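>>> Below are the sequence and a predicted model; questions follow.
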Amino acid sequence: MTPFKQEELSNCTSQDWEGETFYPKPGWVWQYPKPKLQTSYANPLMLSAIEFFHYLTFATQIGLAYTFFSFSDFYAPRCESFFLVAIAPVFQQAASVVPIVLHEYEGWQIAPFKDSTGDRDKFNNDGLRRVAYKLLFVLQAVASGMFCIGVFGTNRWSVGSLTVEMPWTILFVAAVLLWLYVASRAAKTFSLTIDNKLLLPVPLSIAIVYIPIQFAYIIALADLLGWVPALLGVALPLLGGVMEGLGAESTFNQWWHLFAVILLNSAGVVLSFCVARHAMGLL
């Protein structure tokens, strides 16, 4: 080992290795760090329920994809690209992996944020939260866009009296994807502040693309299933996001966190139910 390497290792403090002891040993799934500053109801039972429902979203979203697949004979003729319709919920779940990684790192507690890892046992990492929000919104925008293209295709789009045909539709999709990739990470955040707490720190450069894509997603859902399932399918995860992004991150009460993730699961269940009922002619 070179002298430089030896000196580098000798300069490591106990904080550099705190990940080894952040979770109580031996670190089973029901063992969590002690409650952080200002948190309430951060007991093992509550945090176990929060973690369980986060991972349950894999079942609900993949279940939605499977429901579309099960009724492919009914939906495939109605969609320009049924593959994108069926795979979009799976990609939506890929977006949900980002906050799951964040929560795993933070011990599954919503706690006050600080841009430092030195006090990991007291605060959550604000820099990590900003990265998680950015990637979450980017991947959700891509998943919603996939669903829209799956329903409407890219051959011809009509908005009122305006008609757009290939290759402009393809160029527009490519431009949106490129923008989501290269958009400024240092842009002003599209966020709210309550009691001097920064909430929903999403780069404005991402938000200006994410919002219209979500409106297009509602229209695509309504075109395929009707307005009631479309509004329910969007309102439930939106309410869950508001509960976590505004309620939990301003009060640090873990009940907000639990209710939020339950709503996220209910969105997949409700949409699966609506897809099945619609295909069977009962909706």
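That came in fine, so what should we check first? Residues are numbered from 1 along each chain as shown.

>>> Identify the residues contacting the helix or strand harbouring residue 239?
Here residue 239 sits within helix 227-242, counting by DSSP states H and E. By Cβ atoms under 8 Å, 6 or more residues apart in numbering, the residues outside helix 227-242 that reach it are 214, 217-219, 221-222, 225, 259-264, 266-267, 270-271, 274-275, 278, 283. In short, each C-beta sits where N, CA and C put it, glycine included.

>>> which residues does the residue nearest in space to the middle of the chain contact?
For the chain, the residue nearest the mean C-alpha position is residue 96 (4.0 Å; Cα atoms, centre = their mean). Taking Cβ under 8 Å, 6+ apart as the definition of contact, the neighbours of residue 96 are 54, 57, 61, 136, 264.

>>> List the residues that contact the last one.
For residue 264, the residues meeting the contact criterion (Cβ under 8 Å, 6+ apart) are 53, 57, 96, 236, 237, 240, 241.

>>> which residue packs closest to residue 277, ignoring adjacent ones?
When the adjacent residues along the chain are set aside, residue 277 lies closest to residue 283, with 3.8 Å between them (Cβ to Cβ, 6 or more residues apart in numbering).

>>> To clarify, my last question referred to residue 67.
residue 272 (4.4 Å).

>>> Also residue 149?
If you skip the residues right next to it in sequence, residue 149 has residue 84 as its closest partner in space, 5.6 Å away by Cβ to Cβ, 6+ apart.

>>> Next up, the contacts around that neighbour.
Residue 84 sits next to 146, 147, 149, 150 when contact means Cβ under 8 Å, 6+ apart.

>>> Which pLDDT value belongs to the last one?
Put plainly, it is residue 150. As summarised for this prediction, residue 150 has a pLDDT of 96.

>>> Relative to residue 112, how far out is residue 219?
39 Å (Cβ to Cβ, to the nearest Å).

>>> re earlier: in three-state terms, label the residue nearest to residue 149 for me.
For residue 84, the reduced secondary structure class is helix; criterion used: DSSP: H, G, I helix; E, B strand; the rest coil.

>>> Among the contacts of residue 84, which one lies nearest to residue 91?
The nearest member of the contacts of residue 84 to residue 91, counting by Cβ to Cβ, is residue 146 at 6.0 Å.

>>> Now for that closest one, how many residues are close by?
21 (other Cβ atoms under 10 Å).

>>> next structured bit after the strand or helix carrying it?
If you go by DSSP H and E, residue 146 is part of helix 126-152. Sequence-wise, the next helix or strand downstream of helix 126-152 (DSSP H and E) is strand 156-159.

>>> Can you name every helix or strand that the helix or strand following that following strand contacts?
Next in sequence after strand 156-159, counting helices and strands by DSSP H and E, comes strand 162-165. Helices and strands in packing contact with strand 162-165 are listed as strand 156-159; criterion 3 or more Cβ pairs under 8 Å, 6 or more residues apart in numbering; DSSP states H and E.

>>> buried ones in the strand it packs on?
Burial within strand 156-159, assessed by neighbour count using 16 or more other Cβ atoms under 10 Å, is assigned to residue 157.

>>> just to revisit the earlier point, now the helix holding residue 146: buried residues?
Of the residues in helix 126-152, those buried under the neighbour-count criterion (16+ other Cβ under 10 Å) are 128-130, 132-152.

>>> Check the offset of stretch 86-98 from the chain's centre.
Using Cα atoms, centre = their mean, to the nearest Å, the distance from the centre of stretch 86-98 to the centre of the chain it belongs to is 8 Å.

>>> and what of stretch 139-149?
Centroid separation between stretch 139-149 and its chain, computed with Cα atoms, centre = their mean, is 12 Å.

>>> ditto for stretch 151-159
Offset of stretch 151-159 from its chain centre (Cα atoms, centre = their mean): 26 Å.

>>> mind saving the C-alpha coords of that stretch as CSV?
Output in CSV follows, covering the C-alpha atoms of stretch 151-159 (Å, rounded to 0.1, in the frame of the first residue of the first chain):
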residue,chain,number,x,y,z
VAL,A,151,-52.3,5.1,-26.0
PHE,A,152,-52.0,7.8,-28.6
GLY,A,153,-48.9,6.7,-30.6
THR,A,154,-46.7,9.1,-32.5
ASN,A,155,-48.3,9.0,-36.0
ARG,A,156,-50.6,11.9,-35.5
TRP,A,157,-51.6,14.1,-32.5
SER,A,158,-54.7,16.4,-32.6
VAL,A,159,-55.2,19.2,-30.0
